[in-house]
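> turn this into a model:
(chains A and B)
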Amino acid sequence: MQQFLDTTLGGLVLGAVYAAFALALCLIWRSTRIVNFAQAAMAMVTTYIALSLINADVPYWVAFVAALAAGFGLGALIERVIIRPVEGKAELNAVILTLGLFMVLHGLTAITFGVQHRGFPAPVSTNAIEVGDTSIGITPFGILSIVVVAVVMAGLVVLFRFTDLGLRMRASAFNGEVSRLLGVRVGRMLTLGWALAAAVGAVAGMLIAGGDLVNPSFMDPFVIYGFIAAVLGGLDSPLGSVIGGLILGLSLSYVTGYVGEHLAPLVALGILMVVLLVRPSGLFAAAAARRV
Amino acid sequence: MRTTARRAVQAVCVLTTASLLAACGAGKERPSEDGTAVGVTDTTIKVGAHFPLTGPAAPGYSEIPSGHQAFYEYVNDAGGVHGRKIEMVVKDDAYNPTNTSAVTNDMILQDEIFAMVAGLGTPTHRAVVQRLNDDGIPDLFVSSGSLQWGDDPKKSPMTFGWQPDYEIEGKIIGKYVKENMPDAKVGLFLQDDDFGEDGEKGARQFLDSQIVDVQKYTPGGSTDFSPQMSSFKSKGVDLVLGFNTPSYTALSQIAAQGVGFKSKWFYSNVGSDPALVGGLLASMTKGKIPAEQGVKLMDGMMTTEYIPGVDAPEDEWVKLWQKVWDNYSKKGDEKLTNYRIYGMSQAYTFVQALQANGKDLTRESIVETLEKEGGSFEGPGLAPFRFSEDSHMGISGTSVVEIKNGASEPLTPVQVTDIGDAPIEEDDSAASDAPPSSGIPE
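Now for the predicted structure:
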């Protein structure tokens, strides 16, 4: 029973982190209709920026905000300089471009910061919380991760559903030409979409790195797992991304704890296949109506 | 007229071919007169090795080649071995077997190495061991404790191990636990390859009834070990034996704290370097522990030891390594570490083998020398090598130690054994070997 509880709590925290990452993918999809494979690499860059600040004795939360700001700037920059020239061409062009970007960012980070593993601190304790005599399998940092992801998700839902800006962003992504005719500054919306997504990615990077080791490829498993979580929930839905992330985190945690770590990637791919076969648009997508 | 033209064309062809051949041969020195081995001239010996200079296995391991290179420089400055200077080519395989094959190919065909010396890693080196043996290239002192480098010399006649294999390490750990902690409920934390398998095999000889849980991890996979630690916790494990690499020691400690799992820890020599692991642990919990106290987090952990390390600065061998490192390190500001000592100790054995071989050096002769004389080499190892015609296994024993303040305190004398059901015996005789005053094997 204790193990089940611990494994579940661990799975929730892991799921929250996948969810954060899936949110960033979802955000870019919602605002630009492309899947950004460079998301992990961009988050890795911002995490390294935060680590450099922390190692220079800047307080953790200042570094956290700096990572967010760096993500925002990086996202905007990449959209303006790299993605914009292929806008309006086949969507595949932009997707392939993000794959190339993934490699370039990897290489640049390795050159700038080195390839060795480095510890990344957490802002709060990473020791299990004790209740009376027994310790339960969740840490203050784990709880913080879940809270942060919930806040980010709520923020995005509010942005897209209840604000004029969110509507304009969705409109730009859905049909740029018509939006332009209606007076939406589509270019600006696309830039903003990338910037916001990269900022959310930066949050995910900080949560993944906290109390762990970082190196230029530390985010790589999240390219796959985050993508699976996002597809699971339907790329279009922030709530779906979070639930997809949680389902994936829990599944992987149970498999690792009860069966064996070597089966975890297989299970993740199994889940992806089942979802794509049974419900290709994801568990929470409302896209079917649009496909007419 | 036509004939003349044809002659001219022929002449040009011949000349071109000749100059091409000459160009291809340019830069190559004549092979040694005393032996005609690739990679050996009258004045040089070229060796190569693959190491993870990047990637998850790089922390620590990437320092090993710098130890080799410093010691070879030291020997070269003193005139080399039989007049030949040693040159070492180091290639990065990032601990990825596919890369290992590619860089080994480069070293064989382009760099034309005489021998592979100290190529690192079980999964990585396994990818090239067949190739090296098929091509008759000496494959000396593999930096890994897998059994496969030495237990079957008929299958891999050119390959030699160096460090104690994981099976005898597992046996020695198992015997210690059985005798000193007979009531411990043991959990195994294993790297999911030969490393974990061999260690488990050794430990089970003594602990089969005490082991209550086995958890594994894949190198390069997930770094969150909470599920594994939860499983240990629920099964009441109070002693974990870890056959894992250094980063995973740090990660398993963090994960154990994360699920509130408290236990005694016993890590294989490979994953236990206090300076490296302590540094990683401190940086992951920055703000609560000053970096210099990171090693304190390792207090009370047990491990094994088979060569003296940086925590014993008064040891004659360590004094020698310090002297070599102070004078020959390429990066002056970096400190001597246990990984660099490991590299220098391997380099010492290689120089010893070259000395024993004499001036007539061939690929076959170095193997023969090791089989005939390797078993009696005196070096930094606390126990002798097992080299013979029937075994290419490396150092035959270890002592059990406990880590305190970043230093190791011996819990047992040196225990010597062999694979299978060979008995474990105390034997301190090789531990008292001292280096020659020149620091270069004679």
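> how's chain B carved up into domains?
B:44-164+B:312-396, B:166-305 (automatic domain parsing).
> of all those domains, which lies closest to chain A?
Ranking the domains of chain B by proximity to chain A (Cβ to the nearest Cβ) places domain B:166-305 first, at 2.5 Å. All C-beta spots, glycine's among them, are computed from the backbone N, C-alpha and C.
> OK, contacts around B:Val38?
B:31, B:112-114, B:363 (Cβ atoms under 8 Å, 6 or more residues apart in numbering or on different chains).
> and the furthest pair within these?
B:Pro31 and B:Ile113 (13.9 Å; Cβ to Cβ).
> neighbours of residue 272, just the number please.
Answering for chain A, as no chain was given. 18 (other Cβ atoms under 10 Å in any protein chain shown).
> ah, I was thinking of chain B
25.
> enumerate every residue touching it.
B:246, B:249, B:298, B:301, B:303, B:403.
> the fourth one and B:Phe266 touch, don't they?
What it means is B:Met301. Yes: between B:Met301 and B:Phe266 there is a contact under Cβ atoms under 8 Å: 7.1 Å.
> what ranges does the stretch 51-200 of chain A have for its helices?
A:60-78, A:91-113, A:140-162, A:164-174, A:176-181, A:186-209 (DSSP state H, counting those that start in this stretch).
> same check on the stretch 251-400 of chain B?
Secondary structure of the stretch 251-400 of chain B (DSSP H, counting those that start in this stretch): helices at B:274-284, B:316-328, B:338-357, B:363-373.
> so which elements touch the second one?
The contact analysis (3 or more Cβ pairs under 8 Å, 6 or more residues apart in numbering or on different chains; DSSP states H and E) places helix B:316-328 against helix B:64-77, helix B:338-357.
> tilt between the longest one and helix B:274-284?
Inter-element angle recorded for helix B:338-357 and helix B:274-284: 160 degrees (by axes from the mean of the first three to the mean of the last three Cα atoms, to 10 degrees).
> hey, C-alpha coordinates of helix B:338-357 in PDB?
Output in PDB follows, covering the C-alpha atoms of helix B:338-357 (Å, rounded to 0.1, in the frame of the first residue of the first chain):
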ATOM      1  CA  ASN B 338      41.000   9.100  -8.600                       C
ATOM      2  CA  TYR B 339      40.100   8.800 -12.300                       C
ATOM      3  CA  ARG B 340      43.400  10.200 -13.300                       C
ATOM      4  CA  ILE B 341      45.200   7.900 -10.900                       C
ATOM      5  CA  TYR B 342      43.200   5.000 -12.400                       C
ATOM      6  CA  GLY B 343      44.600   6.100 -15.900                       C
ATOM      7  CA  MET B 344      48.100   6.400 -14.600                       C
ATOM      8  CA  SER B 345      48.000   3.100 -12.900                       C
ATOM      9  CA  GLN B 346      46.800   1.400 -16.200                       C
ATOM     10  CA  ALA B 347      49.500   3.300 -18.100                       C
ATOM     11  CA  TYR B 348      52.100   2.000 -15.600                       C
ATOM     12  CA  THR B 349      51.000  -1.600 -16.300                       C
ATOM     13  CA  PHE B 350      51.300  -0.900 -20.100                       C
ATOM     14  CA  VAL B 351      54.800   0.500 -19.700                       C
ATOM     15  CA  GLN B 352      55.700  -2.500 -17.500                       C
ATOM     16  CA  ALA B 353      54.500  -4.800 -20.300                       C
ATOM     17  CA  LEU B 354      56.500  -3.000 -22.900                       C
ATOM     18  CA  GLN B 355      59.600  -3.100 -20.700                       C
ATOM     19  CA  ALA B 356      59.200  -6.800 -20.100                       C
ATOM     20  CA  ASN B 357      58.700  -7.400 -23.800                       C
END
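> show me what that helix is packed up against.
Where contact means 3+ Cβ pairs under 8 Å, 6+ apart, helix B:338-357 is packed against helix B:64-77, strand B:85-92, strand B:115-117, helix B:274-284, helix B:316-328, helix B:363-373.
> now it against helix B:316-328, angle please.
100 degrees.
> I'd like to know the average pLDDT value across helix B:338-357.
Here helix B:338-357 scores 95 as its mean pLDDT.
> give me the angle between it and helix B:64-77.
40 degrees.
> which residues of the chain score low on pLDDT?
No chain was given, so I picked chain A. A:285-292 (pLDDT under 70).
> could you do chain B instead?
Ranges of chain B meeting pLDDT under 70: B:1-36, B:286-294, B:331-333.
> could I get the full set of strands for it?
Ranges of strands within chain B are B:44-51, B:85-92, B:115-117, B:139-140, B:186-191, B:211-217, B:239-243, B:264-267, B:302-305, B:397-404, B:407-410, B:415-416, B:425-426, based on DSSP state E.
> could I get the ones you listed as CSV with mean neighbour count?
Shown next, in CSV, are those (neighbours: other Cβ atoms under 10 Å in any protein chain shown):
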stretch, mean neighbour count
strand B:44-51, 26
strand B:85-92, 19
strand B:115-117, 27
strand B:139-140, 26
strand B:186-191, 25
strand B:211-217, 20
strand B:239-243, 26
strand B:264-267, 22
strand B:302-305, 24
strand B:397-404, 22
strand B:407-410, 15
strand B:415-416, 26
strand B:425-426, 12
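> same list, those strands, but as JSON lines with distance to chain A please.
Below are the strands of chain B laid out as JSON lines (distance: least, Cβ to the nearest Cβ, whole Å):
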{"stretch": "strand B:44-51", "distance to chain A": "13"}
{"stretch": "strand B:85-92", "distance to chain A": "9"}
{"stretch": "strand B:115-117", "distance to chain A": "23"}
{"stretch": "strand B:139-140", "distance to chain A": "27"}
{"stretch": "strand B:186-191", "distance to chain A": "10"}
{"stretch": "strand B:211-217", "distance to chain A": "5"}
{"stretch": "strand B:239-243", "distance to chain A": "14"}
{"stretch": "strand B:264-267", "distance to chain A": "16"}
{"stretch": "strand B:302-305", "distance to chain A": "20"}
{"stretch": "strand B:397-404", "distance to chain A": "19"}
{"stretch": "strand B:407-410", "distance to chain A": "22"}
{"stretch": "strand B:415-416", "distance to chain A": "32"}
{"stretch": "strand B:425-426", "distance to chain A": "37"}
